[in-house]
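Enquirer: next input, structure requested:
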Amino acid sequence: MGFDDSIIVTSTPEEPFLKLGQLRLLLALDALLMEGSVSRAAERMGMGTPAMSRLLGQIREIYGDPIFVRSARRLIPTPFAESMRQRVRALAAEAEDLLRPQERPPDGLNIDPEAWSGKPVIEAAPLTTRRSILLEGEPLPESFARKLAVIGGADDGRKRLAKHIATIGAGLGHSRPLTMDEAKDAFSVILDGEADPVQVGALLTVMHFRGETAAELAGFAQAARTHIGVAGSGSSSVELDWPAYISPKSRRVPWFLQAALLLAQSGRRILLHGSDGGGGIRGSLVSAAQSIGIPICSNPAAAGVAAAEHGVAYIPVAALSSQIHRLLSLYGVLETRSPINSLMPLLNPFGAPTTMMGVVRPAYRELHRDAGMLLGCGTMTVLGSSRDTAESTPFRSSTLLRLVGGQAENLFVPARPEPHAYPLTGMTSQEYWRAVWAGTARDERATEIIVATAATALLTLRRGASGQFEKFRAQARELWENRRRHIP
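Expert: Next up is the predicted model:
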């Protein structure tokens with residue numbers, strides 16, 4: 001009997017490689033789920049970080065799911081990825097077992113299992129009767145939802161908050177980040193004074209330890225804005241929101257205040273809001289602002305009037321919300337930052353259409369921009385900073401993370417030569433700071449900082465293109481040379 005070639009089923013050369021590639025993707029997904037980091041997963045699999053990033057992109061494309069949500073500390077699996085953890089881990093564990101060299105008995109006498117069998121002295125604990133890979137992926141989304149449903153109803157604030165703590169605090173494989181709505185609800189309970197203090201500490205500590213997500217920060221910001229009564233977009237009395245929440249450990253002179261005043265003199269309306277951070281610098285920011293004529297306001301209405309009349313106003317967070325101020329003051333109790341510190345640059349208490357913020361930690365800069373996108377912010381600039389306020393560092397290269405028309409873009413700013421710092425001569429640091437504004441002390445280093453900060457604000461306000469930064473620097477230099485130097 002002849003063989004009919006027409007019924008032969010052939011495979012293209014690419015198909016075996018495609019199948020092998022798909023298996024590699026699953027092993028890569030297991031490494032990512034185990035490590036929570038692209039770089040550590042790459043090291044686990046013995047490949048470069050860029051290669052692992054490409055594999056993650058392919059995984060996302062295949063499943064049509066983000067797979068991970070970025071936080072400041074690690075990659076957090078989406079609910080879909082968590083539902084796959086158990087199966088992927090089982091596959092990877094089996095592959096590892098198959099590839100592990102089999103143990104061989106030594107030459108000579110082999111053990112006969114039947115002859116050597118006997119009763120153990122102590123039976124294994126019940127936990128060892130289940131494979132650890134099965135425990136690692138639990139609870140499944142269905143059982144997780146049932147657990148939350150048992151905790152309580154929506155009418156009791158403490159029970160609502162307990163649900164959110166259970167959502168994020170049950171440990172790797174048993175928890176997930178809060179959604180934007182859940183984060184808003186959790187922080188609303190806290191701001192309304194319905195939470196137990198233990199719950200507040202638990203939520204903030206667990207969230208900070210794991211790393212906040214953009215959705216969580218945006219949800220917190222929504223709750224805070226509702227709490228303080230932020231007006232809708234388009235009704236703001238200020239053009240630029242400029243948060244200034246100084247670390248208690250900062251000892252740097254606040255040149256950014258002079259940049260803000262410079263823009264106010266050019267006709268811009270700016271709101272500065274913040275805190276001094278306590279400790280030995282408590283009150284220093286207010287004192288500095290007052291010393292060059294920036295109005296200090298004790299309530300939002302006064303701040304709106306001052307911004308309209310003088311172009312700039314500073315309002316401390318305690319005047320916006322005593323509850324938020326108390327939460328921010330937990331830094332002195334915990335001796336570490338919390339999600340409240342991360343929230344403050346996003347507060348925007350007057351609903352200004354434009355925001356310029358400084359964020360110390362590099363990993364948080366993208367998070368704040370992502371959170372700004374979720375909040376519908378059309379124009380934003382995030383600067384790298386060592387003080388948690390928007391002040392440029394022109395003597396080292398930096399990247400500005402921007403939102404322009406709601407779209408994300410990065411702007412690289414090269415470093416400029418650093419002039420020599422001028423020593424203090426018979427003046428306190430604040431007297432010298434005032435003297436620079438008044439022109440009785442010439443300090444080119446300080447001037448470069450002020451001008452670069454003002455240029456960044458102009459770039460933000462005017463939604464300037466990336467190639468226009470030097471033009472705005474020249475405009476800021478002209479504003480500086482023509483400033484009104486009189487200090488009231």
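Enquirer: what is the neighbour count of the nearest residue to E194 once chain neighbours are set aside?
Expert: Nearest non-adjacent residue to E194, counting by Cβ to Cβ, 6 or more residues apart in numbering: G157, 3.1 Å away. Placement of C-beta: from N, CA and C, glycine included. Per other Cβ atoms under 10 Å, the neighbour tally for G157 reads 20.
Enquirer: for A289, same thing?
Expert: Neighbouring residues of A289 were enumerated by other Cβ under 10 Å; the total is 22.
Enquirer: pLDDT weak spots in this protein?
Expert: In the predicted model of the chain, residues 1-21, 72-73, 97, 99-155, 172-173, 231-236, 277-282, 386-387, 423-424, 488 satisfy pLDDT under 70.
Enquirer: how's it carved up into domains?
Expert: Per automatic domain parsing, the domain ranges recorded for the chain read 18-96, 138-211, 240-481.
Enquirer: nearest to G219, of these?
Expert: domain 138-211 (2.7 Å; Cβ to Cβ).
Enquirer: coming back round to it: residue contacts, the residue nearest to E194?
Expert: V189, D192, E194, A195 (Cβ atoms under 8 Å, 6 or more residues apart in numbering).
Enquirer: which ones among those residues are found in strands?
Expert: Using DSSP state E, no member of the contacts of G157 falls within strands.
Enquirer: are any of those buried, and which?
Expert: V189, A195 (16 or more other Cβ atoms under 10 Å).
Enquirer: mind putting the contacts of G157 in TSV, distance to P77 included?
Expert: Listed next are those as TSV, based on distance: Cβ to Cβ, whole Å:
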residue	distance to P77
V189	26
D192	31
E194	31
A195	27
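Enquirer: need the max-distance pair from the contacts of G157.
Expert: Among the contacts of G157, D192 and A195 lie farthest apart (Cβ to Cβ), at 8.2 Å.
Enquirer: just the buried residues of the helix or strand containing P50, please?
Expert: Here P50 sits within helix 49-63, counting by DSSP states H and E. Residues M52, L55, L56, I59 are the ones in helix 49-63 that count as buried (16+ other Cβ under 10 Å).
Enquirer: looking at those residues, which is nearest G426?
Expert: Distances from G426 to the buried residues of helix 49-63, taken by Cβ to Cβ, are shortest for M52, at 58.9 Å.
Enquirer: returning to that earlier point: other SSEs contacting the helix holding P50?
Expert: When contacts are defined as 3 or more Cβ pairs under 8 Å, 6 or more residues apart in numbering; DSSP states H and E, helix 49-63 packs onto helix 14-35, helix 38-45.
Enquirer: wait, which of those is closest to V206?
Expert: The nearest among the helices and strands packed on helix 49-63, by Cβ to Cβ, is helix 14-35 at 19.8 Å.
Enquirer: helix or strand next in line after the helix holding P50, which one?
Expert: In N-to-C order, the element after helix 49-63 by DSSP H and E is strand 68-70.
Enquirer: which strands and helices sit next to that next one?
Expert: strand 75-77, helix 214-228, helix 362-374.
Enquirer: list the neighbouring strands of the first one plus their orientation.
Expert: In the sheet, strand 75-77 lines up against strand 68-70 (antiparallel) (DSSP bridges).
Enquirer: in TSV: the domains of the chain, plus distance to R225.
Expert: Listed next are these as TSV, based on distance: least, Cβ to Cβ, whole Å:
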stretch	distance to R225
domain 18-96	22
domain 138-211	10
domain 240-481	7
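Enquirer: highest mean neighbour count out of those domains?
Expert: domain 240-481 (a mean of 19; mean count of other Cβ atoms under 10 Å).
Enquirer: quick one: the strands in the stretch 201-350 of the chain?
Expert: Assigned by DSSP state E, counting those that start in this stretch, the strands in the stretch 201-350 of the chain fall at 240-245, 270-275, 312-316.
Enquirer: now the first one and strand 270-275, what's the angle there?
Expert: Note on geometry: by axes from the mean of the first three to the mean of the last three Cα atoms, to 10 degrees, strand 240-245 and strand 270-275 are set 20 degrees apart in direction.
Enquirer: please apply the same query to the shortest one.
Expert: On the basis of the same axes, to 10 degrees, strand 312-316 is oriented at 20 degrees to strand 270-275.
Enquirer: packing partners for strand 312-316?
Expert: Packed against strand 312-316 by the contact rule (3+ Cβ pairs under 8 Å, 6+ apart) you find helix 256-265, strand 270-275, helix 284-291, helix 300-310.
Enquirer: figure out which of those is closest to V413.
Expert: helix 256-265 (15.2 Å).
Enquirer: pull the distance from that closest one to the chain's centre.
Expert: With Cα atoms, centre = their mean, to the nearest Å as the basis, helix 256-265 stands 27 Å off its chain's centre.
Enquirer: stretch 205-218 too?
Expert: With Cα atoms, centre = their mean, you get 8 Å for stretch 205-218.
Enquirer: hmm, back to that, need the strands of the stretch 201-350 of the chain in TSV (columns: distance to L461).
Expert: Below are the strands of the stretch 201-350 of the chain laid out as TSV (distance: least, Cβ to Cβ, whole Å):
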stretch	distance to L461
strand 240-245	6
strand 270-275	9
strand 312-316	13
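Enquirer: between these, which gets nearest to V286?
Expert: The nearest among these, by Cβ to Cβ, is strand 312-316 at 6.9 Å.
Enquirer: quick one: contacts of the closest one?
Expert: So strand 312-316 is contacted by 238, 244, 260-261, 263-264, 269-275, 285-286, 289, 294-300, 302-304, 306-307, 325, 349 (Cβ under 8 Å, 6+ apart).
Enquirer: returning to that earlier point: so which of the helices and strands packed on strand 68-70 gets nearest M207?
Expert: Of the helices and strands packed on strand 68-70, nearest to M207 by Cβ to Cβ is helix 214-228, at 6.6 Å.
Enquirer: now that closest one against helix 300-310, angle please.
Expert: Using the same axes, to 10 degrees: helix 214-228 against helix 300-310 is 100 degrees.
Enquirer: then helix 214-228 to PDB, C-alphas only?
Expert: The C-alpha coordinates for helix 214-228 follow below in PDB (Å, rounded to 0.1, in the frame of the first residue of the first chain):
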ATOM      1  CA  ALA A 214      -0.600  54.900  42.200                       C
ATOM      2  CA  ALA A 215      -4.200  53.900  42.700                       C
ATOM      3  CA  GLU A 216      -3.900  53.900  46.500                       C
ATOM      4  CA  LEU A 217      -2.300  57.400  46.500                       C
ATOM      5  CA  ALA A 218      -5.000  58.700  44.100                       C
ATOM      6  CA  GLY A 219      -7.700  57.200  46.300                       C
ATOM      7  CA  PHE A 220      -6.200  58.900  49.400                       C
ATOM      8  CA  ALA A 221      -6.000  62.200  47.500                       C
ATOM      9  CA  GLN A 222      -9.600  62.000  46.500                       C
ATOM     10  CA  ALA A 223     -10.700  61.400  50.100                       C
ATOM     11  CA  ALA A 224      -8.500  64.200  51.400                       C
ATOM     12  CA  ARG A 225      -9.900  66.600  48.800                       C
ATOM     13  CA  THR A 226     -13.400  65.700  49.700                       C
ATOM     14  CA  HIS A 227     -12.600  66.200  53.300                       C
ATOM     15  CA  ILE A 228     -11.200  69.700  52.900                       C
END
